[in-house]
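# Model the structure of this input:
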Amino acid sequence: QWQLVESGGGLVQPGGSLRLSCAASGFTLDDYAIGWFRQAPGKEREGVSCISPTGITTFYTDSVKARFTISRDNAKNTGYLQMNSLKLEDTAVYYCVVLSRFIPGPDMCEQNLVLHWGQGIQVTVSS
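I've put the predicted structure just below:
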């Protein structure tokens with residue numbers, strides 16, 4: 001049974017940092033590209049960042065470039081999202097995802113590629 005369990009969310013002030021973790025079980029994470037999506041109140045779910053199975057290729061949506069860093073540790077079957085310089089507009093529920101296939105380029109993090117979703121974790125940026 002596939003499971004993705006997110007951790008590391010919470011409340012942080014603007015300019016602060018959080019590190020999200022995604023622990024996978026029931027399957028081997030390094031067979032798949034993985035990523036992070038988010039959904040803010042009243043907005044559509046969007047792909048934030050994705051990473052190839054080997055970790056060599058990454059994608060970031062424009063609004064998080066130079067602030068967020070995606071990584072993975074296949075030996076630990078875990079993915080990460082380091083979020084720095086957080087802004088009010090980063091407030092959302094963040095979801096760890098497994099992608100059905102790896103597509104290099106701007107289409108890497110498309111919602112129609114999501115094979116499996118985590119349960120989501122709240123990130124709130126507020127002063």
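
# so after the strand or helix carrying residue 96, what's the next helix or strand?
Using DSSP states H and E, residue 96 sits in strand 92-99. Where DSSP H and E defines the elements, the next helix or strand beyond strand 92-99 is strand 114-117.

# helices and strands around the helix or strand that that following strand is followed by, which ones?
Using DSSP H and E, the helix or strand that follows strand 114-117 in sequence is strand 121-125. Using 3 or more C-beta pairs under 8 Å, 6 or more residues apart in numbering; DSSP states H and E as the contact test, the elements touching strand 121-125 are strand 10-12, strand 18-25, strand 92-99. Any C-beta I mention is one placed from the backbone N, CA and C, and that applies to glycine too.

# now with 7 Å?
On a contact count with 3 or more C-beta pairs under 7 Å, 6 or more residues apart in numbering; DSSP states H and E, strand 121-125 meets strand 92-99.

# what about the strand it packs on, average pLDDT?
Mean pLDDT, computed over strand 92-99, is 98.

# Listing partners with orientation, what would you give for it?
Using DSSP bridges, strand 92-99 pairs in its sheet with strand 34-39 (antiparallel), strand 114-117 (antiparallel), strand 121-125 (antiparallel).

# shouldn't residue 27 be in contact with residue 1?
No - with contact defined as C-beta atoms under 7 Å, residue 27 does not reach residue 1; the gap is 9.0 Å.

# ok, now which ones touch the residue nearest the centre of the chain?
What sits nearest the mean C-alpha location of the chain, by C-alpha atoms, centre = their mean, is residue 36, with 2.0 Å. By C-beta atoms under 7 Å, 6 or more residues apart in numbering, the contact list for residue 36 reads 20, 48-49, 70, 81, 94-96.
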